[in-house]
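S.K.: Sharing a model prediction with you, sequence too.
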Amino acid sequence: MSNDVADLAYLAAAVCFIAALKALSSPRRARLGNAVGAAGALIAVIVVFVAERPDNLLPILGALLVGGAAGLVSAQRVAMTAMPQMVAVFNALGGAAGAIVALVELYHNAEGASRGQLAVAGFTILIGSVAFSGSMIAFLRLQALMTGRPLIFPGMRWIFGALLAAALVAGVWIPFGASLWVAVLLTVVSLAVGVLFVLPVGGADVPIVIALLNAFSGITVAASGYVLSNSLLIVAGTLVGASGALLTQLMAKAMGRSVGNILFGAFAGGSTLGAAAVSERPVRAAGPEDVAIQLGYARRVVVAPGYGLAVAQAQHALRDLADELESRGVEVLYAIHPVAGRMPGHMNVLLAEADVPYDKLKDMEHINPEFRTTDVALVVGANDVVNPAARNAPGSPIYGMPILAADEAQSIVFLKRSMRAGFAGIENDLMHDPKTTLLFGDAKESLRKLVAAVKAL
């Protein structure tokens with residue numbers, strides 16, 4: 001294959017990536033976007049084999065086979081609740097791959113590389129290592145293998161600053177004749193920086209950090225493309241990095257805080273989590289039959305889904321309840337908060353799995369004015385994103401975060417397993433509102449009981 005043909009094929013793959021990213025911005029075209037992006041990746045891989053004719057072909061094919069099999073099995077078996085963890089692992093692998101490529105290139109081609117390429121190689125090692133270790137800490141937190149609360153210790157900010165400074169010095173030293181051992185030292189120090197970068201972040205801020213680390217992994221891929229003189233890697237990495245950075249900004253805006261405050265607020269003595277105390281104030285609880293009456297005779301019901309819905313795998317039961325209510329003439333809509341769940345778009349993906357019509361999914365900005373004319377706000381597994389403390393409790397860790405205005409509905413029904421606090425670890429005053437009725441139990445079982453009770457009306 002000639003260089004001109006290879007360049008045209010790379011251009012076609014890049015166009016596929018851009019079109020895929022555009023399609024993924026809409027739930028209706030998301031599947032098409034995935035298919036187009038996969039086609040672009042396939043074109044890129046084929047071109048590399050045909051145009052570059054790599055050595056060690058059998059080991060490369062073996063690695064592709066093992067990796068492809070692992071990806072296929074993971075995609076089929078991963079639970080919807082574990083999707084954020086999977087994203088964190090993918091971020092980690094992307095960062096690690098870029099850092100390893102840069103290390104290998106330094107080992108083999110340091111003598112013939114320009115200072116610019118050496119500088120980019122050092123940058124790739126730094127960002128890739130931070131993306132790897134930071135993403136693995138995020139994975140451990142989301143998987144509940146370590147606490148979700150911010151972890152800080154005396155002098156942590158100074159240690160973090162010293163390690164970051166050491167990493168920058170090592171990175172600057174590489175293009176001026178540093179040995180391979182300096183690159184290895186840079187890798188170790190950058191891994192430590194990634195760990196200390198994520199440890200102080202906790203609570204509802206973890207999804208924002210995952211989005212930022214996604215941007216880091218994209219930047220790593222783009223930088224490794226420069227090291228390898230591969231334009232397609234530069235384009236693909238830039239797209240991922242830019243979209244991850246934009247998503248981080250949008251999510252931070254949805255939380256009502258700056259990215260700097262989210263990442264470094266704990267260093268200043270703040271916390272993204274509350275005391276997680278369980279209140280002894282009375283609440284009004286009811287059985288499925290009483291709640292079914294509220295729902296069955298309403299004109300409009302707005303569902304506020306959250307992570308608890310995903311944990312219980314209750315999206316299909318929720319769809320069954322919505323279908324039953326709609327058969328009785330009740331309008332059912334879904335209020336989607338930007339940071340509901342454990343990753344951006346978590347609730348959209350979850351409800352799409354249950355074939356909930358896209359036009360019934362309403363963003364926070366569009367649905368909040370509708371709550372005033374809503375008969376019942378049905379909160380299923382959500383907590384922090386409907387907590388009025390974000391509006392009226394200046395001392396709260398979530399104060400200033402835009403929330404779903406569920407408290408403005410005529411009545412509120414909370415499906416809760418217990419009175420435990422949400423991810424931010426703070427009490428939700430909405431559960432003690434006189435308009436609120438709590439239905440305790442597993443979300444899937446509670447929804448199934450509600451379906452049966454509504455049918456019996």
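M.R.: Nice, thanks for sending it over.

S.K.: Least confident secondary structure element in this protein?
M.R.: helix 259-264 (a mean of 72; mean pLDDT, DSSP states H and E).

S.K.: Could you list the buried residues of the next helix or strand after it?
M.R.: Downstream of helix 259-264, the first helix or strand assigned by DSSP states H and E is helix 288-296. The neighbour-count check on helix 288-296 (16 or more other Cβ atoms under 10 Å) flags Pro288, Val291, Ala292, Gln294, Leu295, Gly296 as buried. Just so you know, the C-beta spots here come from the backbone N, C-alpha and C atoms, and that holds for glycine as well.

S.K.: Kindly report the same for stretch 227-235.
M.R.: Buried residues in stretch 227-235 (16+ other Cβ under 10 Å): Val227, Asn230, Leu232, Leu233, Ile234, Val235.

S.K.: Turn those into a markdown table, including pLDDT, secondary structure and distance to Leu415.
M.R.: What follows is these, written out as a markdown table (pLDDT from 0 to 100; DSSP: H, G, I helix; E, B strand; the rest coil; distance: Cβ to Cβ, whole Å):
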| residue | pLDDT | secondary structure | distance to Leu415 |
| --- | --- | --- | --- |
| Val227 | 84 | helix | 51 |
| Asn230 | 82 | coil | 50 |
| Leu232 | 85 | helix | 47 |
| Leu233 | 87 | helix | 46 |
| Ile234 | 90 | helix | 48 |
| Val235 | 89 | helix | 45 |
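
S.K.: Could I get the contacting residues of the nearest residue to Lys449 once chain neighbours are set aside?
M.R.: The shortest distance from Lys449 to any non-neighbouring residue, by Cβ to Cβ, 6 or more residues apart in numbering, is to Pro288 (3.9 Å). By Cβ atoms under 8 Å, 6 or more residues apart in numbering, the contact list for Pro288 reads Leu439, Ser446, Lys449, Leu450, Ala452, Ala453.

S.K.: Can you select the buried ones among the residues you listed for me in PyMOL?
M.R.: Written as a PyMOL command, the selection of buried residues from those, which uses 16+ other Cβ under 10 Å, is:
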select buried, resi 439+446+449+450+453
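
S.K.: Pick out the most distant pair among the contacts of Pro288.
M.R.: Across the contacts of Pro288, no pair lies farther apart than Leu439 and Ala452, at 13.4 Å, counting by Cβ to Cβ.

S.K.: Keep only those of the contacts of Pro288 that are in strands.
M.R.: Leu439 (DSSP state E).

S.K.: quick one: which of the contacts of Pro288 is nearest Val356?
M.R.: For these, the nearest to Val356 is Leu450 (16.6 Å; Cβ to Cβ).

S.K.: Which two of the buried residues of stretch 227-235 have the greatest separation?
M.R.: Most distant of the buried residues of stretch 227-235, by Cβ to Cβ, are Val227 and Val235, 14.9 Å apart.

S.K.: So Ala9 sits against Ile43, correct?
M.R.: Yes: Ala9 lies in contact with Ile43 (Cβ atoms under 8 Å); the separation is 5.9 Å.

S.K.: What is the burial count for the residue lying closest to Val385 once chain neighbours are set aside?
M.R.: The spatial neighbour of Val385 that comes closest, neighbours along the chain excluded (Cβ to Cβ, 6+ apart), is His337 at 3.9 Å. Number of residues near His337 (other Cβ atoms under 10 Å) recorded here: 22.

S.K.: ditto for Ile60
M.R.: Neighbours around Ile60, by other Cβ under 10 Å: 13.

S.K.: Relative to Glu365, how far out is it?
M.R.: As for Ile60, its distance to Glu365 is 48 Å (criterion: Cβ to Cβ, to the nearest Å).

S.K.: try Val48
M.R.: 44 Å.

S.K.: No further queries at this time; thank you.
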